[in-house]
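Enquirer: Would you be able to build a 3D model of this:
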Amino acid sequence: MAATAPQVAKTPTLDVERVRRDFPILDRTVNGRPLVYLDSGASSQRPIAVLRAVEEYETHSHANIHRGVHALSQAATEAFEGARERVRRFINARSTKEVIFVRGTTEAINLVAQSYARPRLKAGDEIIVSALEHHANIVPWQMVCEQTGATLKVAPINTRGEFLFEEYLKLLSPRTRIVAVAHVSNALGTILPVKKIVDAAHAQGAVVLVDGAQAVPHSHVDVRALGCDFYAFSGHKIYGPTGIGVLYGREEILQSMPPWQGGGDMILTVSFEKTTYNDLPAKFEAGTPNISGAIGLAAAMDYIESLGLDAIAAHEHRLVDLASAELRKIPGVQLVGTAPNKASIVSFVMDGVHPHDLGTILDHEGVAVRTGHHCAMPLMTFLGLPATVRASFAVYNTEDDVKSLVAALGKAREVFG
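Expert: Predicted coordinates:
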């Protein structure tokens, strides 16, 4: 009997041309040239499915939620809470009580800093962040340290942009109360070993917040598998609307935290003598929320899951590998951040040309990239750079986009000699 041939796993594929038809903005021109959008790390474009979901709500169902008995209010409430359930499934939270709607990652981190950390920390306590962090995962912790007397420690990286796990372990101690790290670096694309970071922090009794803004659009995120205590991300990085985001928190921790803001819907009873607070998640959602944003976020999650996150990740990795290889061929161009485990981002500089000037030339050629310090000034200081050019890839980018980037950089070399 002949032996059965081993099954070879197929690399998932993405029909990019079909995907591109879902994004109307990609039909426009910039400076007379077809738009090549390589700035999804700052804000991804939105597919028709998201735009229509928001339009449908705004056109046919808009009303305030939770408080009304009339039909529109009931429909809006059902859609809003349905979006919460959609998020719960997407990140595999245990309960919708663990899903807090916020404006974005920044507000989520500030909420944890002020509601969890500030009441608990005292002089001598320590918070650890990594050297890769966005300002939104640095400044709120600096504020808490000023308020409480706690100390901020920084887990180092090397010049390739790799997180130095063994050095991080040396920083952990019984004084460590909070570890706050990015899942993926917004400036370099480095993927951090979050599960190992979480496990090591928990062994010291610390809680862990993960900034997942750059991870959620590109790979499966399972908060229970990661074991983190908090996870934060933004809708506008994941093909959803701006002004909406999510804070995941373990229910037992959220229950122990006081509200961050006071107002309508986060209360059960109010008198001039005493207020009793609402249950989760309402306790942390004072006032009228971004209802259409939540509905759009749910539609965005439906959309990317319909494409397949494995296929998205494989497609983006191919583009990152291609772009990295092509950029290395250009005289005077140096890649910044060459960690082997990366997601969707390529950063670089060109000898003798400031990144802002380079970005201007690329824009003239219709290529949209991000230039600057990427809200990661401590990282830039460590690398000895004032700024970089960042090309960030998404589901709608193609190999032709990489060719356009390379050609535009050729134009820049001509302009600047």
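Enquirer: Pretty sure residue 231 sits against residue 245.
Expert: No. Between residue 231 and residue 245 there is no contact, the gap being 11.0 Å when judged by Cβ atoms under 8 Å. From N, CA and C alone the C-beta is placed, and that goes for glycine too.
Enquirer: Now list whatever residues contact both of those two.
Expert: Common neighbours of residue 231 and residue 245, using Cβ atoms under 8 Å, 6 or more residues apart in numbering, do not exist here.
Enquirer: for the spatially most central residue of the chain, what are its contacts?
Expert: Central residue of the chain (Cα atoms, centre = their mean): residue 213, 0.8 Å from the mean position. Remark: with contacts taken as Cβ under 8 Å, 6+ apart, residue 213 is in contact with 104, 105, 134, 182, 186, 232, 233, 234, 237.
Enquirer: Point out the ones among these that are inside helices.
Expert: residue 105 (DSSP state H).
Enquirer: Now for the contacts of residue 213: which two are most distant?
Expert: 104 and 182 (14.6 Å; Cβ to Cβ).
Enquirer: quick one, which of these two is more surrounded?
Expert: residue 182 (28 against 23; other Cβ atoms under 10 Å).
Enquirer: Please tell me the pLDDT value assigned to that one.
Expert: pLDDT recorded at residue 182 is 98.
Enquirer: Quick one: the helices in the stretch 201-350 of the chain, in order.
Expert: Taking DSSP state H, counting those that start in this stretch as the test, the helices found in the stretch 201-350 of the chain are 223-226, 251-256, 291-307, 309-328.
Enquirer: So which of those is nearest residue 170?
Expert: helix 223-226 (22.6 Å).
Enquirer: show me where the stretch 101-250 of the chain has strands.
Expert: 126-130, 151-155, 176-182, 207-211, 230-234, 245-249 (DSSP state E, counting those that start in this stretch).
Enquirer: chain center to the last one, what's the gap?
Expert: Right, the one you point to is strand 245-249. What separates the centre of strand 245-249 from the centre of its chain is 11 Å, taken as Cα atoms, centre = their mean, to the nearest Å.
Enquirer: Please spell out which residues along that strand are buried.
Expert: Residues of strand 245-249 classed as buried by neighbour count (16 or more other Cβ atoms under 10 Å): 245, 246, 247, 248, 249.
Enquirer: what's the answer for the second one, then?
Expert: By neighbour count on 16+ other Cβ under 10 Å, the buried set for strand 151-155 is 152, 153, 154, 155.
Enquirer: Would you mind giving these as JSON lines with pLDDT and distance to residue 87 added?
Expert: Putting those into JSON lines (pLDDT from 0 to 100; distance: Cβ to Cβ, whole Å) gives the following:
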{"residue": "152", "pLDDT": "98", "distance to residue 87": "30"}
{"residue": "153", "pLDDT": "98", "distance to residue 87": "32"}
{"residue": "154", "pLDDT": "98", "distance to residue 87": "31"}
{"residue": "155", "pLDDT": "98", "distance to residue 87": "29"}
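Enquirer: Now the two most distant members of those residues.
Expert: It's 152 and 155 that sit farthest apart of those, by Cβ to Cβ, at 11.0 Å.
Enquirer: Between these two, which contacts overlap?
Expert: 128, 129.
Enquirer: so where is this protein shaky, pLDDT-wise?
Expert: Scanning the chain for pLDDT under 70 picks out the ranges 1-11.
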